[in-house]
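In: Fold the following, please.
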Amino acid sequence: MYPVITLQDPEGSRIQQWVNEESVGGILQLSFQLISEPILGWYEITMEMLNEKKTYHSFSVEEYVLPKFQMTVDAPENILVVDSEFKVNVCALYTYGEPVDGKVQLSVCRESTAYHSCAHLISSLCKNFTIQLGKDGCVSKFINTGAFELNRCAAYRLQVHIHRLISGED
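Out: Down below sits the predicted model:
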């Protein structure tokens, strides 16, 4: 049995009080709904025991700002048929400058740009990669062009797409 349990805001005002609460197996579950714009800082819970001893616990209420980040992708504008590979650089940084911890889902797709002499060869082909960002929030990936058979038809182009960033906070 807990004769009195109080909750105080960071300014020391009592904002909630429970009286004569009983625990089940030594565990007591209570709740309190904060207002939409609470006072930020350390709140304190005080529990008075039957023997008049007090136990204290504190917790912090902080403003939560959704992490926002910017992702940049650097890939060559043109890839020649004779190029055996090309490099894609991806960086993801929060707006406050810290690197994002996560993985990038990258697709490289061969797409058709014409409907003539090699129509029988024209079909789309995509290769998908999931790549872990480095500690600096960046990663480089060398893409082998052999699988895309770019030399079979002049009507192909490659597109690089970032489908998703899976951050460590997802």
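In: quick one: the helices in this structure?
Out: Remark: no helices are assigned in the chain by DSSP state H.
In: where does it dip in pLDDT?
Out: For the chain, the stretches flagged by pLDDT under 70 are 67, 112-124, 153-157, 163-165, 167-170.
In: can you do 50?
Out: Within the chain, the set of residues satisfying pLDDT under 50 comprises 170.
In: Using the centroid of this structure, identify the residue furthest from it.
Out: Centroid-distance maximum for the chain: residue 51 at 48.0 Å, with Cα atoms, centre = their mean.
In: Quick check on that one: phi, psi?
Out: When read as degrees, to the nearest 10, the backbone of residue 51 gives phi -80, psi 10.
In: Show me the contact partners of stretch 82-100.
Out: Outside stretch 82-100, the residues within contact range by Cβ atoms under 8 Å, 6 or more residues apart in numbering are 67-76, 79, 102, 104, 106, 108, 131, 133-146, 160, 162, 165, 167-168. No exception for glycine: its C-beta is placed from N, CA and C like everyone else's.
In: Tabulate the CA atom coordinates of that stretch in CSV.
Out: Taking only C-alpha atoms (Å, rounded to 0.1, in the frame of the first residue of the first chain), the coordinates of stretch 82-100 have been written out as CSV:
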residue,chain,number,x,y,z
VAL,A,82,32.8,0.1,-73.2
ASP,A,83,32.6,1.0,-69.5
SER,A,84,32.8,-2.2,-67.4
GLU,A,85,31.5,-0.5,-64.3
PHE,A,86,30.5,2.8,-62.9
LYS,A,87,30.4,4.3,-59.4
VAL,A,88,27.4,5.5,-57.4
ASN,A,89,27.9,7.6,-54.3
VAL,A,90,25.1,8.1,-51.8
CYS,A,91,25.3,10.3,-48.7
ALA,A,92,22.6,10.9,-46.1
LEU,A,93,23.1,13.6,-43.5
TYR,A,94,20.6,15.0,-40.9
THR,A,95,19.9,18.6,-41.4
TYR,A,96,22.0,19.4,-38.3
GLY,A,97,25.0,17.8,-40.0
GLU,A,98,25.3,14.4,-38.3
PRO,A,99,25.5,11.3,-40.6
VAL,A,100,22.5,9.0,-40.9
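In: Kind regards, and thank you for your time.
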